[in-house]
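Q: I would like the atomic coordinates for the input below:
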Amino acid sequence: MANIREADLQRYLHRYNEAYFETAERLLPPTLRAQLRKLELIEAGGIRGHVSTNRSGGAAWEYTGRKPFGVAVRYGSQRIEDLIFDYPSDMLRNGYPVFFRGDSFSLSGGTFKDGRLMELVPPAFVTINDLYLTHGSWIRPVLYAEISTDRSEEFWSDLNAVTRAKDELVVAAVDQMQLESNRELSLEEYIRRRKGRQVLVCGDYVSGRDRLDQIMAMLRDAEYEPIRLDQIPDYPHQDLRQKFRAMAPHVRFLIIDDSSAAGQIAEVVMAEAGRWITLVLRLQGSQSSYMTAGGTATSTVFREMEYSEKDVESVLRAGPSCLTSRCP
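A: Residues are numbered from 1 along each chain as shown. Next comes the predicted model:
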């Protein structure tokens, strides 16, 4: 598979930011647009990209928050996580990384002193918000950045640029929907709490709607914030699978009710590929999708549980606790 060069990453960044800005302007209300940090950063300054020629590979980009405007991309032979931060030479020689990661994760806020922040192994993908790195008089602010160990043309394609921009706006729209029922919270406080409480609920949205509503009611009683996949607003006019892919990484865990065959195999496959913590529920005696039944037995991020009409409440109490503690 071919790797990107400077011109490829530059084209991706132009396409991504154009799609993000244009879609937000066209589809989101002004009150929501005003709260999108990326729009603020797009208008504040330039975009800087980085492509690593190191054998570990990778590419990254960030908003600089200052002039000059436009997109600039540079090559370097360092590891991508070192290239983007541009550490002083003595830190590169002697600085031991604070942590090692090979998954998708986010860092937000805080200051790290006198050490390389991280060392990444494939398939790591990192988003960073408002972070500071310091070493003596050297200060490196990171307003917003994305770092990937993948520098393939497929990963950084024009299609993925547009898709990722729109996926993020779906998440923003859902945040707005949830805020309508949580007006006493500030946006910052709501975002801080969101990941810890939100649960994405999927299943049969026609014949199984009553089951899903029952599951959601019990989740609310347990102080979670359930979101049914088909209730996510159509920003920007995406189908259920696109909405699932956009929302799944941003919730505490997923619940898929597989008590009747309604295409849940697509959601199960995407959840397994994304390594998202998932509880698959199945009503005893129901005609579930034979393709999902038992298919998660070897997974470390899936749990399957059967329930009856009588014990659904106790199963729902046990299931999320088991998921979030990674019980066997």
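Q: Can you show me the strands along the stretch 51-200 of the chain?
A: Taking DSSP state E, counting those that start in this stretch, the strands of the stretch 51-200 of the chain run over residues 59-63, 71-76, 99-101, 104-108, 111-113, 118-120, 125-135, 138-148, 198-202.
Q: Tell me which other helices or strands the first one touches.
A: The reference is to strand 59-63. Other helices and strands packing on strand 59-63, by 3 or more CB pairs under 8 Å, 6 or more residues apart in numbering; DSSP states H and E, are helix 6-27, helix 37-44, strand 47-52, helix 80-85, strand 138-148. Using the backbone N, CA and C atoms, a C-beta is placed for each residue, glycine as well.
Q: Give me the sheet partners of the third one and which way each runs.
A: So that's strand 47-52. When pairing is defined by DSSP bridges, strand 47-52 lines up against strand 59-63 (antiparallel), strand 71-76 (parallel).
Q: buried sites along it?
A: Across strand 47-52, burial judged by 16 or more other CB atoms under 10 Å covers 47-52.
Q: before we move on, what about the last one?
A: Judged by neighbour count (16+ other CB under 10 Å), strand 138-148 contains these buried residues: 140, 142-148.
Q: for stretch 41-53, how far is the first residue from the last?
A: Terminal residues of stretch 41-53 lie 28 Å apart, using CA to CA, to the nearest Å.
Q: Give me the mean pLDDT for it.
A: The average pLDDT within stretch 41-53 is 95.
Q: and what of stretch 2-13?
A: Averaged across stretch 2-13, pLDDT comes to 96.
Q: For it, buried residues please.
A: 3-4, 8-13.
Q: mind checking how far that stretch is from the chain centre?
A: The chain centre lies 22 Å from the centre of stretch 2-13; the measure is CA atoms, centre = their mean, to the nearest Å.
Q: Provide the contact partners of that stretch at residue level.
A: 47, 49, 51, 57, 59, 61, 71, 73-75, 151-153, 156-158, 160-161 (CB atoms under 8 Å, 6 or more residues apart in numbering).
Q: the domain parsing of this structure - what is it?
A: 6-148, 168-324 (automatic domain parsing).
Q: ranking these by mean pLDDT, which is last?
A: Here the lowest mean pLDDT among the domains of the chain goes to domain 168-324, at a mean of 74.
Q: Would you agree V98 is in contact with F112?
A: Yes. In this structure, V98 is within contact of F112 by CB atoms under 8 Å, at 6.3 Å.
Q: out of these two, which sits in the more crowded spot?
A: Between V98 and F112, F112 has the larger neighbour count (other CB atoms under 10 Å), namely 17 against 12.
Q: Now do the same contact list for the more buried one.
A: F112 makes contact with 98, 131-134, according to CB under 8 Å, 6+ apart.
Q: Could you do D103 as well?
A: By CB under 8 Å, 6+ apart, D103 lies in contact with 123-125, 275.
Q: related to what we said a few turns ago, which one of the strands of the stretch 51-200 of the chain lies nearest to I256?
A: If you check each of those against I256 by CB to CB, strand 198-202 wins as the nearest, at 4.7 Å.
Q: Pairing partners for the closest one, with directions?
A: Here strand 198-202 is paired, per DSSP bridges, with strand 225-228 (parallel), strand 253-257 (parallel).
Q: Single out the most deeply packed of those.
A: strand 253-257 (a mean of 24; mean count of other CB atoms under 10 Å).
Q: Run the chain-centre distance for that strand.
A: Taking mean C-alpha positions (CA atoms, centre = their mean), strand 253-257 and its chain are 16 Å apart.
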